[in-house]
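Asks: coords please:
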Amino acid sequence: MEQPPQPDTEKILSMMALHEFYFDQTQRENYLAQIGASNLLQEISQTLNGIDAPCRRIPAGYQFAAFVGHDTNIASVASLLGLTWQFTNAPEGTQELPDNDPLPAGALVFELWKEGSESFVRISYAAQDLREMRRPGEGLYPAFRVPVRCDQFTAEPNTCKIRLKTFTDAVAGAIGPKFLSRCDGNNPVCGPL
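Replies: Purely as a prediction, here's the structure:
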């Protein structure tokens with residue numbers, strides 16, 4: 001059986017750099033990021049805080065919630081919150097990727113942790129190894145996590161663990177209220193509140 005051609009790493013990396021430049025000019029630009037991520041960030045914050053607001057897609061009380069989006073959503077959310085990550089500690093073959101690149105099948109992971117009476121949000125970035133995407137189902141290259149940095153919230157290097165209240169306040173300050181959907185009964189409707 002003929003082996004599939006191996007990718008030219010140099011060409012892929014130059015394309016990824018172009019991908020990052022495009023995202024810097026579009027999805028990460030603050031005004032555009034607010035348009036694209038305000039509703040999603042509000043929903044994430046309400047879910048972590050257990051707020052049972054009208055039009056919530058995930059009712060309060062769930063132990064696990066997942067919002068599915070695109071790399072554009074990840075770039076916008078990360079930009080509004082000032083989140084960054086690097087692939088230097090990722091598996092071989094992924095380490096050369098541009099910093100903060102939202103990979104195909106990647107995810108920002110927001111975890112709610114309790115320590116005593118205090119609640120914290122820990123944020124990481126998870127992705128599938130690029131080699132696994134090329135040869136799915138073989139299980140040779142498992143998914144991985146890389147730490148997210150949120151230097152504006154914590155001085156701890158290579159981690160993003162912040163108080164839930166701090167996270168909630170950051171979301172409130174980052175979103176564009178004029179871009180939030182309004183509710184009609186229990187259905188979200190695009191347009192001003």
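Asks: what helices or strands is the one helix or strand Tyr22 maps to leaning on?
Replies: Assigned by DSSP states H and E, Tyr22 belongs to helix 9-25. Under the contact criterion of 3 or more Cβ pairs under 8 Å, 6 or more residues apart in numbering; DSSP states H and E, helix 9-25 touches helix 71-81. All C-beta spots, glycine's among them, are computed from the backbone N, C-alpha and C.
Asks: which parts of the helix holding Tyr22 are buried?
Replies: Neighbour-count burial for helix 9-25, counted by 16 or more other Cβ atoms under 10 Å, picks out 19-20, 23.
Asks: So what's the gap between that helix and the chain middle?
Replies: Counting by Cα atoms, centre = their mean, to the nearest Å, helix 9-25 is centred 19 Å from the centre of its parent chain.
Asks: would you put the C-alpha positions of it in CSV?
Replies: Taking Å, rounded to 0.1, in the frame of the first residue of the first chain, the C-alpha atoms of helix 9-25 are listed here in CSV:
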residue,chain,number,x,y,z
THR,A,9,6.7,21.4,7.1
GLU,A,10,8.3,24.6,6.0
LYS,A,11,5.4,25.4,3.7
ILE,A,12,2.8,24.5,6.3
LEU,A,13,4.5,26.8,8.9
SER,A,14,4.6,29.7,6.5
MET,A,15,0.9,29.2,5.8
MET,A,16,0.2,29.1,9.5
ALA,A,17,2.1,32.4,9.9
LEU,A,18,-0.2,33.9,7.3
HIS,A,19,-3.2,32.4,9.1
GLU,A,20,-2.0,34.2,12.3
PHE,A,21,-1.5,37.5,10.5
TYR,A,22,-5.0,37.3,9.1
PHE,A,23,-6.4,36.6,12.6
ASP,A,24,-4.5,39.5,14.1
GLN,A,25,-6.1,41.8,11.5
